[in-house]
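Undergrad: Next one to model:
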Amino acid sequence: MPPIDPDPDSQPWIDKLITLTHQTVARAQSSSTQPWDWASHPVKESVKQSLLEAEAEMGHCNVMVIGKTGVGKSTLVNAVFKDELARTGVGSPVTRHIRKYSKQDCPITIYDTPGMELAGEQNVGIRLEVAQCIDELRLQDPEHHIHIIWYCIHHEANRLEETELDWLRALELKDVPVILILTQYLDGSEESEFLQYLQHQNPPVRYIVPLLARDKVITRQITIPAHGLEHLIGCTLELLPEVARLAFIRQQLLRVDLKADAALKYVSSYVASAAFIGAVPIPFADAPLLVTAQIGMIANISFIFGYKTSPSFYYSLMVALAGIGGATVAGRAIVSNLLKFIPGVGSIAGGILQSTTAATLTLSIGLAYIEVMKAIARAEIKEIQLSQSEIQELFVQQYRDYAASGRNNLRDEDWE
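TA: Okay, the predicted model is just below:
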């Protein structure tokens, strides 16, 4: 199934991050200390401040997970998100039957409804608590609303009870998008009779997503791999409001392509809008303000990917480029090629040339760093941690490839 496009033309948080990067440069420029001197306090603080502001602009995503005990809600949540949200404790009580799972510095909150297997008046009470919770949170700022509901049914249950169908109808009236998740779905690409039955019932939900959240060992020789999580992530992102999208993109674990797409929109917009870069001299080693801007850019790319490191590490990456002369050589090559098309380069044309060169170098750095973040994210899925030296080496290699090829977009890759 192809990836779902999360309304790429509606990303105001991209503009916010661009503004924050510009502010990073402005803070460095207004300082009496030279920005190139990373040991100086103002440059470090400007990047730190940029990241703090980006975090404040990120928004929040609140997911309500409904389903009976044993349906696999915790396994599902921990498979989708970083930080194993469902294992940070027993959760804090919101009502008698609703618990909230959150973690410091994590922009995702999970609202869980244990006890769904209770019958009669107790079940009715849970439904009332859920409705009240949704209504009360809606009275607060948008980032506190319930943004999506995952309604989980065990595939082996092989039936959708009438009470569950009634509840889905009641949830539809709350104007919160609902995804019906069929957990422990072992049939793979083949549609089971139960799935076909659910589709025929046409329940009031936005999507029906069958999945297996964790590999299922059948015998010593047979293991059914996890599947369907990537599709759930895509469907969820399509339904989320703007205030919750970046938080969800950042914390979901498996769809690396969504993180890369978000970062690419930021880089492209930044390069196109960073008019102040044109006034910065080239070559690379003589452009402290440009380097400061680029450090702010890659720091915010890290933020989009949810990668946490020290601001000093971003500077070490730029030093690695400058140290090998790669950026300077590439800059000269770009200038040389552009000169062929500009007869009689004068001071005005030279200014245009500097701006074009600066933008091209910045784009190559941004694309290269996104490739690095993709590699780190994929390693994280496999529970592998790349060393800082490996990251630096990969960054230099990717920069050389992009600068030499002149590509202005990420390499095409299929997602699984």
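Undergrad: what helix or strand is the closest residue to Met64 other than its chain neighbours on?
TA: The spatial neighbour of Met64 that comes closest, neighbours along the chain excluded (Cβ to Cβ, 6 or more residues apart in numbering), is Tyr111 at 4.3 Å. Every residue, glycine included, has its C-beta placed from N, CA and C. Per DSSP states H and E, Tyr111 falls inside strand 108-113.
Undergrad: partners of that strand, with directions?
TA: Strand partners for strand 108-113, identified by DSSP bridges, are recorded as strand 61-66 (parallel), strand 99-101 (antiparallel).
Undergrad: The ones you listed: which one's closest to Gly72?
TA: Closest of the strands paired with strand 108-113 to Gly72 is strand 61-66, at 10.2 Å (criterion: Cβ to Cβ).
Undergrad: Which SSE is immediately downstream of the closest one?
TA: Criterion used, DSSP H and E; the element after strand 61-66 is helix 73-80.
Undergrad: Can I get that following helix in PDB, CA atoms only?
TA: The C-alpha trace of helix 73-80 is given here as PDB (Å, rounded to 0.1, in the frame of the first residue of the first chain):
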ATOM      1  CA  LYS A  73      -2.900  -2.500  23.700                       C
ATOM      2  CA  SER A  74       0.400  -2.100  25.500                       C
ATOM      3  CA  THR A  75       2.200  -4.200  22.900                       C
ATOM      4  CA  LEU A  76       0.700  -2.000  20.200                       C
ATOM      5  CA  VAL A  77       1.600   1.300  21.800                       C
ATOM      6  CA  ASN A  78       5.200   0.200  22.600                       C
ATOM      7  CA  ALA A  79       5.600  -1.100  19.000                       C
ATOM      8  CA  VAL A  80       4.500   2.200  17.500                       C
END
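Undergrad: Give me the helices and strands touching it, please.
TA: On a contact count with 3 or more Cβ pairs under 8 Å, 6 or more residues apart in numbering; DSSP states H and E, helix 73-80 meets strand 61-66, strand 148-154, helix 229-239.
Undergrad: List just the one of those that sits closest to Ile384.
TA: It is, among the helices and strands packed on helix 73-80 and with distance given as Cβ to Cβ, helix 229-239, at 19.2 Å.
Undergrad: Now do that closest one: which elements does it pack against?
TA: Helix 229-239 is packed against helix 73-80, strand 148-154, strand 178-183, strand 207-210, helix 242-251, helix 256-273, with contacts defined by 3+ Cβ pairs under 8 Å, 6+ apart.
Undergrad: Can you report how many residues lie near Leu173?
TA: Neighbour count of Leu173, defined by other Cβ atoms under 10 Å: 9.
Undergrad: give me phi/psi at it?
TA: For Leu173, the backbone dihedrals (degrees, to the nearest 10) come out as phi -70, psi -20.
Undergrad: can I get the helices and strands packed on helix 73-80 in JSON lines with mean neighbour count, distance to Glu84 and mean pLDDT?
TA: JSON lines is the format used below for the helices and strands packed on helix 73-80 (neighbours: other Cβ atoms under 10 Å; distance: least, Cβ to Cβ, whole Å; pLDDT from 0 to 100):
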{"stretch": "strand 61-66", "mean neighbour count": "24", "distance to Glu84": "14", "mean pLDDT": "96"}
{"stretch": "strand 148-154", "mean neighbour count": "22", "distance to Glu84": "17", "mean pLDDT": "95"}
{"stretch": "helix 229-239", "mean neighbour count": "21", "distance to Glu84": "15", "mean pLDDT": "97"}
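Undergrad: Can you add distance to Ala377 and give the ones you listed back as a markdown table?
TA: Shown next, in a markdown table, are the helices and strands packed on helix 73-80 (distance: least, Cβ to Cβ, whole Å):
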| stretch | distance to Ala377 |
| --- | --- |
| strand 61-66 | 18 |
| strand 148-154 | 22 |
| helix 229-239 | 13 |
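Undergrad: Could you double-check that Ile301 sits in contact with Gly366?
TA: Yes: the criterion here is Cβ atoms under 8 Å, and Ile301 meets it with Gly366 at 6.9 Å.
Undergrad: picking that back up, need the next SSE after the strand holding Tyr111, C-terminal direction.
TA: Strand 108-113 is succeeded, C-terminally, by helix 120-138 (DSSP H and E).
Undergrad: okay, and for the stretch 151-300 of the chain, where does confidence drop off?
TA: Residues of the stretch 151-300 of the chain that meet the criterion pLDDT under 70 lie in 188-190, 272-291.
Undergrad: Pull the number of nearby residues for Glu393.
TA: Other residues within reach of Glu393, judged by other Cβ under 10 Å, total 14.
Undergrad: give me the element it is part of.
TA: Using DSSP H and E, Glu393 maps to helix 388-405.
Undergrad: which helices and strands sit right next to that helix?
TA: helix 311-324, helix 326-339, helix 347-381.
Undergrad: If we use 6 Å, what do you get?
TA: helix 311-324, helix 347-381 (3 or more Cβ pairs under 6 Å, 6 or more residues apart in numbering; DSSP states H and E).
Undergrad: Which of these has the lowest mean pLDDT?
TA: Of all those, mean pLDDT reaches its minimum on helix 311-324 (a mean of 75).
Undergrad: tell me the angle that helix makes with helix 388-405.
TA: On the basis of axes from the mean of the first three to the mean of the last three Cα atoms, to 10 degrees, helix 311-324 is oriented at 50 degrees to helix 388-405.
Undergrad: what comes up buried for helix 311-324?
TA: Pro311, Tyr314, Tyr315, Ser316, Leu317, Met318, Ala320, Leu321, Ala322 (16 or more other Cβ atoms under 10 Å).
Undergrad: Same list, those residues, but as JSON lines with distance to Ile149 please.
TA: Putting the buried residues of helix 311-324 into JSON lines (distance: Cβ to Cβ, whole Å) gives the following:
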{"residue": "Pro311", "distance to Ile149": "38"}
{"residue": "Tyr314", "distance to Ile149": "38"}
{"residue": "Tyr315", "distance to Ile149": "44"}
{"residue": "Ser316", "distance to Ile149": "44"}
{"residue": "Leu317", "distance to Ile149": "41"}
{"residue": "Met318", "distance to Ile149": "44"}
{"residue": "Ala320", "distance to Ile149": "46"}
{"residue": "Leu321", "distance to Ile149": "46"}
{"residue": "Ala322", "distance to Ile149": "50"}
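Undergrad: And these, which is closest to Ala293?
TA: Met318 (10.8 Å).
Undergrad: ok, now how distant is that closest one from His154?
TA: 51 Å (Cβ to Cβ, to the nearest Å).
Undergrad: now swap in His60 and tell me
TA: Distance from His60 to His154, by Cβ to Cβ: 30 Å.
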